[in-house]
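> Could you look at this predicted model? Sequence included:
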Amino acid sequence: MNIGAAAQASGISAKMIRYYESVGLLPEPARTDAGYRHYGQTDLHRLHFIRRARDLGFPVEQIKALLALWDDRQRASADVKKLAQMHIDELEHKAQALQQMADTLKHLVEHCHGDGRPDCPIIESLSGSEIQASHCCR
């Protein structure tokens with residue numbers, strides 16, 4: 001199948017397929033006499049693996065490691081589990097950071113009058129005015 005058919009079958013755009021080839025997630029495909037890429041079922045299976053890993057938020061470098069483990073039939077499942085646990089830890093850290101951002105914004109929104117006045121704690125916080133004021137008058 002050509003790159004368009006592979007894109008449609010995998011749910012990954014042709015542009016991303018070319019990118020995955022360029023970074024080594026997908027091997028260089030066979031080429032037709034005219035130079036067009038030709039993908040087989042093995043390539044499609046690999047694209048599905050990559051898509052699922054991306055859907056779970058794995059970055060490219062970790063997907064490379066997962067693909068290497070997938071290709072290694074002698075792998076230890078402990079290696080796969082360790083990689084997945086590292087990703088969970090990163091996701092949980094990001095989730096905590098996002099929650100802190102949301103909490104900060106909720107606090108600022110609660111203290112903004114939201115009326116015609118120019119005073120706005122959201123703008124003051126973003127501009128650093130509230131920090132500068134607290135340091136200048138001690």
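Alright, I've got the coordinates.
> quick one: contacts for the closest residue to residue 86 other than its chain neighbours?
Here the nearest residue to residue 86 in space, its sequence neighbours aside, is residue 62; by CB to CB, 6 or more residues apart in numbering that works out to 7.8 Å. C-beta: built from backbone N, CA, C; applies to glycine. With contact set as CB atoms under 8 Å, 6 or more residues apart in numbering, residue 62 has these partners: 53, 83, 86-87.
> any idea how far the longest helix out of those in the chain is from the chain center?
Secondary structure of the chain read by DSSP state H shows that its longest helix is helix 77-110. Here helix 77-110 shows a centroid-to-chain-centroid distance of 13 Å under the convention CA atoms, centre = their mean, to the nearest Å.
> Show me what that helix is packed against.
Other helices and strands packing on helix 77-110, by 3 or more CB pairs under 8 Å, 6 or more residues apart in numbering; DSSP states H and E, are helix 60-71, helix 121-127.
> CSV please, covering those helices and showing distance to residue 92 and mean pLDDT.
Putting the helices and strands packed on helix 77-110 into CSV (distance: least, CB to CB, whole Å; pLDDT from 0 to 100) gives the following:
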stretch, distance to residue 92, mean pLDDT
helix 60-71, 15, 97
helix 121-127, 26, 91
